[in-house]
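pasting the sequence and the predicted coordinates here, then a few questions.
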Amino acid sequence: MKAAVYYETGDPEVLRYEEFPDPACGPGDVVVRIEAISIEGGDTLNRAGGEMATSPHVVGYQCAGTIIEIGTDVHERSVGERVVATMMWGSHAELIAVPAALAWPVPEGVDIVAVACVPVAFGTADDCLFEFGHLQAGETVLIHAAAGGVGVAAIQLAKRAGATVIATASSLARLERVRNLGIDHPVDYSLDDWVDVVRGITGGVGVDLVVDSVGGRVLAGSVRCLRYRGRLISVGSAGRDPAPFDISTLSMGNHSLTGVFLGAEIMNPRTRSMIADRIADVASGALEVLVDRTYPLAEAAAAHAYIESRQAVGRVVLIP
């Protein structure tokens, strides 16, 4: 098969389009012929400097396609079935073997590109808001990086739950493209006074919950946006900002900080059921996936570079 591989971490240019061994199907696995690859934030972070489990390495958390082989212990999936799957690495390829438990069926008639973008982004957003963020109707939530995949999902889920949504991005122009998904108050967090803007929106009280996927200096600002006993969720640290976080800043407001990683929850029945529900929501039109651009798998380096240019709104997808 063909795959986008790299022999060392670094800039997008380390990606090469080469022949790579076909995956072996274990007893509990399914082999999927990939039709769409959603590039996740962790994919670019891992390529830039993460651990290489193989050499050369094929990065990638998520893809969708058609099952072409099932393991001897697999009974709930079948050859010819379309699925969307998550994995630790390996999605940037034509084929992948994954545990059957991490392959969700794609509803009939649904766009495979859209469904390819659902489990990680919508599952992460759901966990940040509800399982760990305990968001309730009537509360106010601040969602950072709202033009990204997790942000797009979080806006819709929070608004559907009856929350007031304050959303940030690196420009108001990017937010304008997602405003109709449920943003009540857009904020440009590239401005020096963005914290004052957020607090002003709340009348100086602060927000109940922050979903922060940027980290660093933005995370420190997020604390200042919280109301008394407010909750802060840190997920992903996509901003690549190494600024240390002073945990003592949480004390005066009795604030809480929770780190969230969907991968640690992905195998439990609650999470698998929740992701199945989000796939059903997208299939029915209750939730929307935004795909900014698609690229051929052979142009994975260009796709990664485009994501890192911070121009994308929603997901960027590779097509083998």
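Here it is on my side, so go on.

surely Glu76 touches Ala103?
No - if you go by Cβ atoms under 8 Å, Glu76 and Ala103 don't touch, sitting 9.1 Å apart. (Glycine included, C-beta is placed from N, CA and C.)

between these two, who's got more neighbours?
Ala103 (27 against 11; other Cβ atoms under 10 Å).

which residue ranges of the stretch 51-200 of the chain form helices?
112-115, 119-126, 149-160, 172-176, 194-201 (DSSP state H, counting those that start in this stretch).

what's the third one packed up against?
I take that to be helix 149-160. helix 119-126, strand 140-143, strand 164-169 (3 or more Cβ pairs under 8 Å, 6 or more residues apart in numbering; DSSP states H and E).

export the ones you listed to a markdown table and tack on mean neighbour count and mean pLDDT?
As requested, the helices and strands packed on helix 149-160 are exported to a markdown table (neighbours: other Cβ atoms under 10 Å; pLDDT from 0 to 100):
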| stretch | mean neighbour count | mean pLDDT |
| --- | --- | --- |
| helix 119-126 | 27 | 98 |
| strand 140-143 | 28 | 98 |
| strand 164-169 | 25 | 97 |
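
looking at those, which is nearest to Ala153?
helix 119-126 (3.7 Å; Cβ to Cβ).

could I get the closest one in PDB with only the CA atoms?
Output of helix 119-126 as PDB, limited to C-alpha atoms (Å, rounded to 0.1, in the frame of the first residue of the first chain):
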ATOM      1  CA  PRO A 119     -15.200  10.500  16.700                       C
ATOM      2  CA  VAL A 120     -12.100  12.400  18.000                       C
ATOM      3  CA  ALA A 121     -13.400  16.000  17.500                       C
ATOM      4  CA  PHE A 122     -17.000  15.400  18.600                       C
ATOM      5  CA  GLY A 123     -16.100  12.900  21.300                       C
ATOM      6  CA  THR A 124     -13.500  15.200  22.800                       C
ATOM      7  CA  ALA A 125     -15.900  18.200  22.700                       C
ATOM      8  CA  ASP A 126     -18.600  16.100  24.400                       C
END
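
show me what it packs onto, helices and strands only.
Packing contacts for helix 119-126, counted by 3+ Cβ pairs under 8 Å, 6+ apart, involve strand 82-86, helix 149-160, helix 269-284.

which of these sits most buried?
helix 149-160 (a mean of 26; mean count of other Cβ atoms under 10 Å).

so how far is that one from its chain's centroid?
11 Å (Cα atoms, centre = their mean, to the nearest Å).

and if you look at stretch 187-195?
Counting by Cα atoms, centre = their mean, stretch 187-195 comes out at 23 Å from the chain centroid.

could you list the domains of the protein?
Here the domain parsing of the chain from automatic domain parsing is 2-117+289-319, 120-263.

which parts of the stretch 201-320 of the chain are strands?
207-212, 226-234, 256-259, 291-296, 315-319 (DSSP state E, counting those that start in this stretch).

what's the angle from the longest one to helix 119-126?
Just to be clear, that refers to strand 226-234. 160 degrees (axes from the mean of the first three to the mean of the last three Cα atoms, to 10 degrees).
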